[in-house]
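In: need a 3D model of the following:
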Amino acid sequence: MSRLPKKGDNRPVAVSDNNRPVIASDNRPVAVSDNNRPVAVSDNNRPVAVSDNNRPVAVSDNNRPVAVSDNNRPVAVSDNNRPVAVSDDNRPVIARDDNRPVVASEKLFVCAIDFGTTYSGYAYSTRQNPIKIYCPHWHSGSTTLISYKTPTTVLLDEQMNFLAFGYEAEKKYLELAEDDASDDFYYFRRFKMILYDKLRSGERLSTKTTVSDIIGKEMLAVDVFSHAIKYLKDHLLKEHKDRGTSIKDLDIHWVLTVPAIWDDPAKQFMRKAAEKAGIDSNRLVIALEPEAASILCKELQLAKYEDGSDSINVFSPGQRYLVLDAGGGTIDMTVHEVKSGGKLHELSRASGGDWGGVLVDKTFKQMLIDIVGEEFMEEYCRFNTADYIDVLRDFEIKKREKSETKLVTLKISPTFSENFKKKNSKSISQKTKDTKYAKLLKWEGDKIRMDRELFESFFTPSCKHIVDHVGEILSNPKVKGTKVILMVGGFSESAILQDAVRKAFPECRVVVPHEAGLAVLKGAVLFGHDQSVVASRVAKFTYGIGCSELFDPKKHDPKRKTKDKRDGKERCHCIFSKHVEAGDVLILNEDQGKHVYHPIYADQTTISFPVYTSKEPNPMYTDEPGCNLLGTLEMDISDITGGLERGFEAKFQFGGTEITVSARNVRTNETAAAEFNFLDDEP
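Out: Numbering: from 1, shown residues only. A predicted model of the protein is given here:
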């Protein structure tokens, strides 16, 4: 039965372009064929009801069809772009601990070792919370002294095997000395300063350099340093294992602190010692002590300074401040400027000297020598070692005390005065009356009582050196506007030193963070998490490579012309090929002094360049006055294709805490192996 149309369904429709009937061009009916036969409705072609999932999308700039052009035309597959089937040769490498690029932030922990002249320690923090830094406590064996650092002392047995470090080494050695059994053992203290003294005297540092123990027995310095580093490393791992929170060595990125005034061979020496202690060189970074302290004070922004001031104004962008890192052995100074983003830029190259707390000890010891004589003093130190160490320990405590009493009392073993009386006709009290200390010092049993004026005079040589050097730095036009002095390091906790600096520079604001002696250690941890915080440094020297050039009478000294016996060419040797000039601003991770070098002989497979430093800006030859051999640069040029035409580009980076080098074959653009060696004997 047919259905009638509803009202409105049969209304005439106006003709438009959308519903106009299609008329065959020749007005003839079109015969039905396979091409135009009506298709029966089925599940495969049934119309789909419109929904949110299939609703047509309006064309917009985000989905508009893109016209084909040369930039987006499909590329026909060829041998150059054909997909490569995966095989063992090209299978992606899964990152593991032995092949993962080492980035500090990838490691679970950063641990820093602050290797000081008098005291050492370690601290660490996690990747998740870098600012929460942990420091272990060290017990001196007495109930009166618990500290975050332990003495830098190493005790070895007769076969040079490790026995103890720190307070434990002191305790065991004193017990051995009391039993007259110490002579066969090796007891090293303040050996970091011994190494510095060798460097200052001009002695070349190498892995064969030796240091002497307390009675003069020698041992390889790298082994002594390695024992100390290994103990601190193992102490961290054992502490966590004992607490049930085991840390794997592979989870740690290590930081080792060195004075900023140390040269490049000394830094490489410390790296070698750390490697010998079991620290992977790829997971180790060297931190400069004053920089580390500066980073801590800037990053934490907590600085509760001794004078009650805050850190906001000290570390605001544009602020300049002098970092005075006063340690037990050395004094390091540099000037930093805070840039936007909190990055630090060095304005004055690091400098300083051996004017630390040890110099105060030497001045005190010299007073004793003035009274008893050098011969007696040496003999006492040799045969009453335990008693002498006790004197120094008590003096160290007095150095750090904040007291304004008129008299200062030091403990000293009765053996000192007793032995003196046995060897002399006078008592030590009578002998003192014959010296300039007659009215300033008294001997009372096992004590020395001295006027505070005399006690503070022991600080005078050190304070004078420090104050003079601060004045020299602040007079440099490059640091103009520096009105803040940031005092860090253990010796900076001395009220006598603080007072000397404040009196000498009343126009400057002198700020000292609480626990100034831990600033370097904790700052080194933060540096390990982010080494980019110090964005630039200043070159301490002019660096260059010693090389040969074909003789040019227009620029070379005629006296230096030599004829090569192998190829007969005239050359000039000892050319100083400059890479960096003293005073240059060195940007972190930026190449400085890119040079291309060529072999002298066609079949040459290695190049060994001597590396030199100079305080002069433009030395011409490496044997000029003021030029010093630093070490060698070894470069592999085993690809002899091209003979004499081969070029090898060396790129130096001086902006970090250590000098690095990379090299490439100019013709092939392939990397060439290159490394510095600063510890070999002079070539």
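In: rest of the way, CA atoms for contacts and neighbours
Out: Will do.
In: partner residues bridging the nearest residue to Phe678 once chain neighbours are set aside?
Out: Closest residue to Phe678 apart from its sequence neighbours, by Cα to Cα, 6 or more residues apart in numbering: Gly631 at 4.1 Å. Here Gly631 shows beta-bridge partners Val611, assigned using DSSP bridges.
In: kindly report the same for Thr606.
Out: Here Thr606 sits in beta bridges with Asp636, going by DSSP bridges.
In: number of nearby residues for it?
Out: Residues lying near Thr606 (other Cα atoms under 10 Å) number 16.
In: make 8 the starting number, not 1.
Out: Understood, numbering begins at 8; the last thing we discussed is Thr613.
In: on that earlier part again, do you know how far the residue nearest to Phe685 is from Ile552?
Out: Distance of Gly638 to Ile552, given as Cα to Cα, to the nearest Å: 10 Å.
In: what is in contact with these two at once?
Out: Pro617, Val618, Tyr619 (Cα atoms under 8 Å, 6 or more residues apart in numbering).
In: the helices in the chain, which residues?
Out: Under the criterion DSSP state H, the chain contains helices at 174-185, 198-207, 228-249, 271-283, 296-307, 364-379, 381-390, 392-407, 421-430, 435-440, 459-464, 467-481, 502-511, 526-536.
In: which other residues reach the last one?
Out: Put plainly, it is helix 526-536. Here helix 526-536 makes contact (Cα under 8 Å, 6+ apart) with 111-112, 117-121, 128-132, 134, 137-138, 140, 260-264, 292, 294, 296-304, 495-496, 520, 540.
In: one more: stretch 497-513?
Out: Residues outside stretch 497-513 that contact it (Cα under 8 Å, 6+ apart): 332-335, 363-364, 406-409, 463, 466, 470, 474, 515-517, 519, 522-525.
In: next, the contact list for Phe383, please.
Out: Phe427.
In: what's the distance between Gly349 and Lys471?
Out: Distance, Gly349 to Lys471, using Cα to Cα: 33 Å.
In: could you measure from the closest residue in space to Ser323 that isn't next to it in sequence over to Val545?
Out: Distances taken as Cα to Cα, 6+ apart place Val345 nearest to Ser323, at 6.6 Å, with adjacent residues excluded. Remark: distance between Val345 and Val545 (Cα to Cα) = 15 Å.
In: looking at the protein, which helix or strand is least sure?
Out: Lowest by mean pLDDT, DSSP states H and E among the helices and strands of the chain is strand 153-154, with a mean of 75.
In: where are the low-confidence patches of the stretch 158-307 of the chain?
Out: Filtered on pLDDT under 70, the stretch 158-307 of the chain yields the residue ranges 307.
In: let's see that with 90 instead.
Out: The stretch 158-307 of the chain contains residues with pLDDT under 90 at 181-182, 184-190, 197, 200-212, 214, 221-223, 246-257, 270, 304-307.
In: now for the residue nearest to Arg456 when sequence neighbours are not counted: which residues touch it?
Out: Spatial nearest neighbour of Arg456, excluding adjacent residues (Cα to Cα, 6+ apart): Thr416 at 4.6 Å. Contacts for Thr416 were tallied using Cα under 8 Å, 6+ apart; they are Lys454, Ile455, Arg456, Met457.
In: quick one: buried ones out of the shared contacts of Gly638 and Ile552?
Out: For the shared contacts of Gly638 and Ile552, a burial check counting by 16 or more other Cα atoms under 10 Å picks out Pro617, Val618, Tyr619.
In: give me the pLDDT value at the last one.
Out: With respect to pLDDT, Tyr619 has a value of 95.
In: against Gly662, how distant is it?
Out: Computed as Cα to Cα, the Tyr619 to Gly662 distance reads 18 Å.
In: would TSV of the helices of the chain with distance to Phe558 be doable?
Out: What follows is the helices of the chain, written out as TSV (distance: least, Cα to Cα, whole Å):
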stretch	distance to Phe558
helix 174-185	61
helix 198-207	36
helix 228-249	43
helix 271-283	32
helix 296-307	45
helix 364-379	52
helix 381-390	59
helix 392-407	61
helix 421-430	69
helix 435-440	70
helix 459-464	60
helix 467-481	42
helix 502-511	55
helix 526-536	48
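In: which of those sits closest to Lys576?
Out: helix 271-283 (35.3 Å; Cα to Cα).
In: and the closest one with helix 228-249, angle?
Out: Relative orientation of helix 271-283 versus helix 228-249 (axes from the mean of the first three to the mean of the last three Cα atoms, to 10 degrees): 50 degrees.
In: helix 271-283 vs helix 198-207, what angle?
Out: Per the same axes, to 10 degrees, the angle that helix 271-283 makes with helix 198-207 is 140 degrees.
In: name the helices or strands packed onto helix 271-283?
Out: Secondary structure elements in contact with helix 271-283, counted by 3 or more Cα pairs under 8 Å, 6 or more residues apart in numbering; DSSP states H and E, are helix 228-249, strand 291-295, strand 635-643.
In: now find how far off-centre it is within its chain.
Out: When distances are taken as Cα atoms, centre = their mean, to the nearest Å, helix 271-283 is centred 12 Å away from the chain's centroid.
In: what do you get for stretch 655-674?
Out: Computed by Cα atoms, centre = their mean, the separation of stretch 655-674 from the middle of its chain amounts to 19 Å.
In: hmm, who's touching that stretch?
Out: Outside stretch 655-674, the residues touching it (Cα under 8 Å, 6+ apart) are 271, 274, 293-295, 542-546, 586, 593-605, 642, 644, 653-654, 677-683.
In: fine, thanks again, bye for now.
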